[in-house]
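Engineer: turn this into a model:
(one chain, ligands or ions: 2)
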Amino acid sequence: MAKYQGFQKKQLLDIYKNMTLARKLDDREMTLLKQGKAFFHIGCSGHEAAQLAAANNMKSGLDWAYPYYRDAAFCLGLGMTGKEQLLAFLAKDLDPSSGGRQMPQHYGHRDLRIVTQSSPTGTQFLQAVGCSMSRKWEDNNEIVYVSSGEGSTSEGEFHEALNWSSREKLPVVFHIQDNGYAISVPVSDQIAGSSVFDMVSGYENLAKYNVDGTNFFETNLAFQQAIDRARKGKGPSVVVSRVVRLLSHSSSDDQRKYRSSEDLESDLKKDPIIKFEKECLKAKILTKTACLNPFFLPINAPIKSLTEEYIVSSNGAFFRILLKKALMGLFITIDPMKPIMMIENITTIRPRPGTLKSKIFSKLLMTQIAT
Ligand SMILES: Cc1ncc(C[n+]2csc(CCOP(=O)(O)OP(=O)(O)O)c2C)c(N)n1
Ligand SMILES: [Mg+2]
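Structural biologist: Ligands and ions are numbered 1, 2, ... in the order given. Next comes the predicted model:
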């Protein structure tokens with residue numbers, strides 16, 4: 001098949017896979033939270049297309065990324081797996097972000113050059129600029145991505161980062177995901193002027209893009225140019241992608257308290273996944289059956305295994321693994337993908353007190369409870 005908008009069919013299917021995987025992870029994680037298996041969630045629903053457009057133009061493992069808490073789809077686009085994101089979400093020791101020590105959705109990955117961030121918003125800007133300065137000194141053509149929401153651009157670090165990177169023509173791309181709200185504060189109350197795009201005018205050497213972030217193809221073009229510019233040493237860019245926040249700010253928030261139902265409904269109509277599906281259906285890249293039931297799509301196999309194998313695995317499977325590990329003396333950690341709640345079951349197979357196996361067992365129990 002001929003290319004569509006410069007993409008091979010397989011590339012677009014991969015992007016669709018990551019979009020739907022990110023959405024499924026949000027759904028699933030919210031359920032796990034309600035089941036008491038996690039303590040906090042902050043989602044990317046509504047931001048997927050913009051994030052995947054950014055990731056699509058980066059060289060994974062070579063370029064550097066300073067994402068923020070909403071960048072789940074971006075990280076999937078760079079090659080992080082759904083399993084890895086769940087390990088972090090469930091605070092497991094095999095979590096590549098921080099070994100379960102960070103808050104959920106604080107992404108990090110050594111091999112993918114995703115640098116972990118701290119929770120105060122905006123701290124990532126100057127770290128990214130520092131990293132891009134070192135890239136320039138080393139004279140390689142690696143670029144740096146840094147992102148935040150529109151609310152965080154009212155912090156001093158953002159302006160310092162813009163000034164410094166523009167002055168030095170650094171290879172850094174700022175992705176501002178404007179979902180209209182900083183928790184409950186609308187953008188009109190947050191920044192001077194009506195948009196971040198207008199606010200950042202005046203910095204020499206800084207390129208600016210203002211795109212519909214719910215449209216993958218439009219946002220992709222902006223990142224193509226911004227990243228190409230950075231790689232060629234022409235200087236930094238700001239890409240402002242106008243997105244929608246389809247979930248409340250976080251699991252600690254209820255946006256129905258400060259947003260009208262009309263506002264929420266209007267956001268739903270701009271769902272980036274539905275837009276992408278419509279365009280791919282028209283171009284005959286996807287079929288209606290595949291969109292209606294993504295679980296039957298071969299490309300969605302990972303979602304199926306995530307939801308069925310890793311999360312809703314039966315007690316029986318957990319039991320078998322636990323028993324095997326206990327008997328073999330491999331007691332350092334239980335399979336991290338199994339929900340902690342199932343720990344109650346082990347009491348039934350506890351070995352006779354006082355034996356070596358019993359000591360191993362106690363240690364195993366403590367490790368699992370502590371993680
Ligand atoms: C320095 C600092 N101030 C306040 C907070 C609390 N806080 C966390 S997220 C957030 C809103 C950020 O909004 P925005 O930048 O628009 O990103 P969004 O969550 O909308 O994607 C605030 C105020 C914080 N974490 N750090
Ligand atoms: Mg926002």
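Engineer: what about the strands in this structure?
Structural biologist: For the chain, the strands defined by DSSP state E cover 64-66, 144-149, 172-178, 181-182, 185-186, 207-212, 237-242.
Engineer: which parts of the stretch 51-200 of the chain sit against ligand 2?
Structural biologist: Remark: the part of the stretch 51-200 of the chain in contact with ligand 2 comprises 149-151, 179, 181, using CB under 5 Å from the ion. Placement of C-beta: from N, CA and C, glycine included.
Engineer: quick check: longest helix of this protein.
Structural biologist: Counting by DSSP state H, the longest helix found in the chain is helix 9-34.
Engineer: can you list the buried residues in that helix?
Structural biologist: 9, 12-26, 28-30, 32-33 (16 or more other CB atoms under 10 Å).
Engineer: for it, the distance to its chain's centre please.
Structural biologist: Here the centre of helix 9-34 is set off from its chain's centre by 10 Å, with CA atoms, centre = their mean, to the nearest Å.
Engineer: pLDDT (mean, whole number) over that helix?
Structural biologist: Helix 9-34 carries an average pLDDT of 93.
Engineer: can you check stretch 183-198 too?
Structural biologist: Mean pLDDT, computed over stretch 183-198, is 94.
Engineer: so R229 sits right up against S237, yeah?
Structural biologist: Yes: contact status for R229 versus S237: in contact at 6.0 Å, counting by CB atoms under 8 Å.
Engineer: need the residues touching each of the two.
Structural biologist: The contact sets of R229 and S237 overlap at A207 (CB atoms under 8 Å, 6 or more residues apart in numbering).
Engineer: give me the neighbour count for the residue in the chain that ligand 2 sits nearest to.
Structural biologist: Of all residues in the chain, G149 sits closest to ligand 2, at 3.3 Å by CB to the ion. Applying other CB atoms under 10 Å, we find 26 residues neighbouring G149.
Engineer: report the beta-bridge partners for it.
Structural biologist: Q177 (DSSP bridges).
Engineer: you'd agree N210 is up against A226?
Structural biologist: No: between N210 and A226 there is no contact, the gap being 12.0 Å when judged by CB under 8 Å.
Engineer: so which of the two has more stuff around it?
Structural biologist: Set N210 next to A226 and count neighbours by other CB under 10 Å: A226 wins out with 27 against 17.
Engineer: point out the residues in the chain that sit beside ligand 1.
Structural biologist: Residues of the chain lying close to ligand 1 by CB under 6 Å from any ligand atom are 70, 119-121, 148-152, 177, 179, 181-183, 249.
Engineer: give me the buried subset of the residues you listed.
Structural biologist: Burial by neighbour count, judged by 16+ other CB under 10 Å, picks out 70, 121, 148-152, 177, 179, 181-182, 249 from the residues of the chain next to ligand 1.
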